[in-house]
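**Q** quick check, what structure comes out for this input:
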Amino acid sequence: MSKAVEIISRGVCLKAGKVLLCHTKGAANTYLPGGHVEFGESARESLRREIAEELGVACRVGRFLGVVEHTFRQKGRRVCEVNLVFEFSSAGLSPRRSPSSKESHIEFLWTELGKLAAAGMEPGPLRGLLPRWIKGSGHAERFASTFL
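**A** Next up is the predicted model:
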């Protein structure tokens with residue numbers, strides 16, 4: 001069993017009240033686009049690279065929103081990750097149509113900000129935190145965890 005904690009850079013693209021979500025084909029949940037931070041790479045660099053790889057568009061990474069520790073089971077093993085969440089924007093993305101994926105195992109969809117729970121977005125704490133983070137509420141907690 002791996003005892004490494006995965007560092008994930010995730011992005012929130014919000015347009016016309018909708019958030020871009022990623023979905024692994026065959027899975028029940030959705031999640032924010034992004035991926036693993038590679039050795040020697042900053043979280044912002046990682047997000048730019050992942051968006052280019054997954055969506056084929058350039059993006060501008062904006063403000064840091066917060067962090068969520070997350071643990072879950074995947075293919076019978078426990079996964080532990082730290083999700084660093086940033087805003088991002090791209091002129092190449094529009095909520096009028098779901099963007100096509102450059103990777104065959106994932107797809108993208110736009111979901112209303114208030115319907116993240118119905119979309120099965122993980123990690124779960126982001127469902128309530130994202131709207132507050134996006135509004136920039138100075139009193140919003142910037143950290144959450146699914147660890148017990």
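
**Q** what sits against the most centrally placed residue in the chain?
**A** The chain has Leu32 as the residue nearest its centroid, 2.2 Å off, counting by Cα atoms, centre = their mean. Counting by Cβ atoms under 8 Å, 6 or more residues apart in numbering, Leu32 touches 10-12, 19-22, 83, 85, 121, 126. In this view, the C-beta of every residue, glycine as well, is placed from N, C-alpha and C.

**Q** of these, which is the nearest to Ser104?
**A** Nearest to Ser104 among these, counting by Cβ to Cβ, is Cys22 at 13.3 Å.

**Q** any idea how far Leu55 is from the closest one?
**A** Distance from Cys22 to Leu55, counting by Cβ to Cβ, to the nearest Å: 9 Å.

**Q** any common contacting residues for these two?
**A** Counting by Cβ under 8 Å, 6+ apart, the residues touching both Cys22 and Leu55 are 33, 108.

**Q** tell me the secondary structure at Ala91.
**A** coil (DSSP: H, G, I helix; E, B strand; the rest coil).

**Q** how many other residues sit next to it?
**A** Counted with other Cβ atoms under 10 Å, residues neighbouring Ala91 total 9.

**Q** how about Ile134, phi and psi?
**A** As for Ile134, its main-chain torsions (degrees, to the nearest 10) stand at phi -70, psi -40.

**Q** bridging residues for the spatially closest residue to it that is not a sequence neighbour?
**A** In space, and not counting its chain neighbours, Ile134 is closest to Leu14: 6.1 Å by Cβ to Cβ, 6 or more residues apart in numbering. Using DSSP bridges, the bridge partners assigned to Leu14 are Val19.
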